[in-house]
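S.K.: Requesting a structural model of the entry that follows:
(one chain, ligands or ions: 1)
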Amino acid sequence: MSHIDVLSVTKLSPLLEPQIRAVFNLHDRLHETDPAAFAKIAPQIRAIAASGESKVPAALIEQLPALEIISVFGVGYDGVDVAAAKARGVMVTHTPNVLNDDVADLAMGLMLAAARQLPAADRYVKDGKWPTGPMPLARKVSGARMGIVGIGRIGQAIAQRALAFNMSVAYTARSAKADLPFKYVATPEALAAESDYLVVITPGGAATRKLINADVLKALGTKGILVNVARGSVVDETALIEALQNGVIGGAGLDVFENEPNVPEALRALPHVVLAPHIGSGTTQTRQAMADLAFNNLNSYFENKTVHTPVPECAAKG
Ligand code: NAP
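M.R.: Sure, this is the predicted structure:
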C-alpha cells in the first residue's frame, strides 16, 4: 500500500511511525513544514495519523478531498472535528481500552503521592533533613471516600482499584449507570461535597470545559484532594490555582494541563501539588498496544474497509 498517502499531524510515536512508513507513503507534518509541497500532495492524501492531543480542524479536512480515515493514537479525540469528518464520510478511529490499566494506575499513584506527600518525602530524605526531625503528618487514603467524575472505561478501572483500598466509590456522569454498584450523584459539585478524593476522567472538548470550577473545588473542601487524569480543559486552572493558594482544597495530583506542555509558574510553585507531564498511558507496553491498534485501524481500513475501534460517532449507524 506504499501508494497510499498518509499525513501525520503530530510527531508520531517511534512505536507507530515505522509501522506506518513500512506500508504507507507517510508525509510527516508536511502541512506545517512545507506548505507548497503540501498543496501539491494534498489532493492525494487518503489518511491522517494523529495523536490524542492533535488538532484536526474542519479547515484541514476541507483541504484533503481524498481523505477517508483519521486514525488517532489515543482514546481522547477532542482535537478532531468529528462532525466535519462525518459530514464528509471520513472514518475516525481511536485506541480505547488498551490504556485503561495504565491511566487508572497513574490516577491512584497521583492520589497516593499527593495524599502521602511522596515527592516531598523523597526530597526530605535526599536533602538530609531527616536527622532534623520527622516530616509533618499526611492524609490517609485507605477507607476514604472517592468521587469519580466520568465512569467510563478508565473511570471503572479506577473504581476497581479504589475498592482494593477499602474506599467508598461514588460517581457522576451524564446519566446514572444501572449496571454499576456505585452511588450516582447528579453533579460534580454535589459529588465533591461528599468526596475526600475527586478523580476527573471524562473526555475533553466543549461539553466538559471547566466542569470542575471554583464551586466544585469549594465543595471538595479544605482537606479534599483533586486528581485530574482527563484533559486540562476539564478543570478551570485559574480557579484551581486560587483554590490551592488559598487553602480552599487540600492538594492536587495533575497529569494534564490547559496549555500543555506549559504549566503555569504559580502551579509549579505550590508545595502540595504533584505534577506529571501527561504520562497516563506512558508505559512501553501500553504505548506499543496503542501503536499496534492505531496502525491496524489504518491497515485494515485500506485492506477491507473495516476498522477495529471507530469512535462512537462513527460506529453509530446512520
Ligand atoms: P469513556 O469510556 O468514553 O468514558 C467517559 C466518561 O465520561 C463516561 O462515564 C461519560 O458519561 C462521562 N462524561 C462524558 N461527558 C460528560 C459530561 N459532560 N459530564 C459528566 N460526565 C461526562 O472514556 P475513557 O476511555 O474512560 O476515557 C476518558 C478520557 O480520559 C479520554 O477521553 C481522555 O480525554 C482521557 N485520557 C487521558 C489520558 C492521560 O494520559 N492522562 C489517557 C487516556 C485517556 P456517560 O457515560 O454518562 O456519557
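S.K.: what does the helix or strand encompassing residue 191 contact?
M.R.: Taking DSSP states H and E as the definition, residue 191 sits inside helix 188-193. Applying C-beta atoms under 8 Å, 6 or more residues apart in numbering, the external contacts of helix 188-193 come out as 147, 149, 170-172, 185, 198, 211-212, 215-217, 219-221, 224. For the C-beta atoms, the positions are set from N, CA and C on the backbone; glycine is no exception.
S.K.: so does that helix get close to the ligand?
M.R.: No. Counting by C-beta under 6 Å from any ligand atom, the ligand has no neighbours in helix 188-193; the shortest distance is 7.2 Å.
S.K.: likewise stretch 149-161?
M.R.: Yes. Residues of stretch 149-161 contacting the ligand under C-beta under 6 Å from any ligand atom: 150, 151, 152, 153, 154, 155.
S.K.: Could you list which of those belong to helices?
M.R.: Residues from those lying in helices, with DSSP state H as the criterion: 153, 154, 155.
S.K.: quick one on the thing from earlier: ok, residues contacting the helix or strand just after the helix holding residue 191?
M.R.: For helix 188-193, the following helix or strand on the C-terminal side (DSSP H and E) is strand 197-200. The contact list for strand 197-200 (C-beta under 8 Å, 6+ apart) reads 107, 111, 115, 141, 144-150, 155, 158, 167, 188, 191-192, 211-212, 216, 220, 224-230, 234-235.
S.K.: near the ligand at all, the following helix or strand past strand 197-200?
M.R.: For strand 197-200, the following helix or strand on the C-terminal side (DSSP H and E) is helix 214-220. No. Shown here: helix 214-220 not in contact with the ligand (C-beta under 6 Å from any ligand atom), separated by at least 11.6 Å.
S.K.: CA atoms only for helix 214-220 - export them in PDB, please.
M.R.: Only the C-alpha atoms of helix 214-220 are listed here, as PDB (Å, rounded to 0.1, in the frame of the first residue of the first chain):
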ATOM      1  CA  ALA A 214     -14.500  27.200  41.700                       C
ATOM      2  CA  ASP A 215     -17.800  26.000  43.200                       C
ATOM      3  CA  VAL A 216     -16.800  22.300  42.800                       C
ATOM      4  CA  LEU A 217     -13.400  23.000  44.400                       C
ATOM      5  CA  LYS A 218     -15.100  24.800  47.300                       C
ATOM      6  CA  ALA A 219     -17.400  21.800  47.800                       C
ATOM      7  CA  LEU A 220     -14.400  19.400  47.800                       C
END
